[in-house]
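A.B. asks: attaching a predicted model along with its sequence, questions to come.
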Amino acid sequence: MASLTVRDANVEDVEGIRAVGEACWPDTYAFAGEEYIEHGLASWWSEVTVERSLRDTTVVVAVDEDGRVVGMGNVDLRGEVPTVWKVYVLAETRGTGVGTALLDAPVRRIPKSADAVRLEYVAGNDQAARFLHPAGLPGDGADARGSPRLAGHGLGSEAVVRETVRFDCEGIAGIASRPKRRGPSRVTGG
């Protein structure tokens, strides 16, 4: 694996971010069914939605040496508790540390006055659960609640897992660290 750079996303990355979503979403949400996947791609990975995310949240991308977006992550700082909505990486980059870097980079932007971050993912998204929990995140336990964003997609009222993770913002850099690597790679910040 060639070296990857994690940097702030910009409007020139919209198509690359969408490509990551289109590649990752069907596999990630296969358990939820085709209708949910189609709705999610249209709703959360559209050009308009990605542009709004760039404007309203902190979005980072991982790019390869050719400038191709191979992963993305974001955190929303607007609410009472900052929320990580997305961390997605292309299959060929999984296990290289890029996912951890894409979680760490936006979380580092959380103000030092915050004492928690919310990690939100759909119940049944075992990839997210495996990624976040082996990372040593000290969650206060899953709190499954319904979400109007998921209404009508067959996932019921227990669809969203919201884990509020308490932390010392000074030490956030280490909470997602884990030495799981598949092959040689180098991930740098930018």
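C.D. replies: Thanks, I have the structure now.
A.B. asks: what comes into contact with the top helix by length along the chain?
C.D. replies: Of all the segments of type helix in the chain, defined by DSSP state H, the longest one is helix 14-28. Contact partners of helix 14-28, identified using CB atoms under 8 Å, 6 or more residues apart in numbering, comprise 9, 37, 40-41, 44-47, 50-51, 54, 59, 61, 63, 68-72, 88-91, 125, 127-128. Where you see a C-beta, it was placed from the backbone N, CA and C, and this is true even at glycine.
A.B. asks: surely A62 is in a strand?
C.D. replies: Yes: under DSSP: H, G, I helix; E, B strand; the rest coil, A62 sits within a strand.
A.B. asks: contacting residues around it?
C.D. replies: Here A62 is in contact with 4-6, 69-72, 89, 93, 98, 101-102, 187 (CB under 8 Å, 6+ apart).
A.B. asks: kindly reformat those as TSV containing pLDDT and distance to G79.
C.D. replies: Output for the contacts of A62, formatted as TSV (pLDDT from 0 to 100; distance: CB to CB, whole Å):
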residue	pLDDT	distance to G79
L4	87	30
T5	91	29
V6	93	24
V69	97	26
V70	96	28
G71	96	24
M72	96	20
V89	94	25
T93	88	29
V98	87	26
A101	87	24
L102	88	20
V187	45	28
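A.B. asks: in strands, which of these fall?
C.D. replies: When those are checked against strands (DSSP state E), the matches are L4, T5, V6, V69, V70, G71, M72, V89, V187.
A.B. asks: quick one, strands of this structure?
C.D. replies: 4-8, 58-63, 69-76, 83-89, 116-122, 143-145, 160-166, 187-189.
A.B. asks: so which of these comes closest to P106?
C.D. replies: strand 69-76 (3.8 Å; CB to CB).
A.B. asks: that closest one pairs with which strands, parallel or anti?
C.D. replies: strand 58-63 (antiparallel), strand 83-89 (antiparallel) (DSSP bridges).
A.B. asks: least reliable of the ones you listed by average pLDDT, please.
C.D. replies: Among these, strand 83-89 carries the lowest mean pLDDT, at a mean of 89.
A.B. asks: can you list contacts of that strand?
C.D. replies: 20-21, 24-25, 28, 53, 57, 62, 70-76, 98-99, 102-103, 106-107, 117-120, 128, 131.
A.B. asks: low-confidence ranges, the protein, go.
C.D. replies: Residue ranges of the chain with pLDDT under 70: 1-2, 132-190.
A.B. asks: contacts only, for V60.
C.D. replies: V6, R7, D8, A9, M72, G73, N74, L102, A105, P106.
A.B. asks: whichever of these end up buried, select them in ChimeraX.
C.D. replies: To isolate the buried members of those in ChimeraX, using 16 or more other CB atoms under 10 Å:
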select :6,9,72,73,74,102,105,106
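A.B. asks: in the contacts of V60, find the pair that's most separated.
C.D. replies: Across the contacts of V60, the two lying at the largest distance from each other (CB to CB) are R7 and N74, at 13.3 Å.
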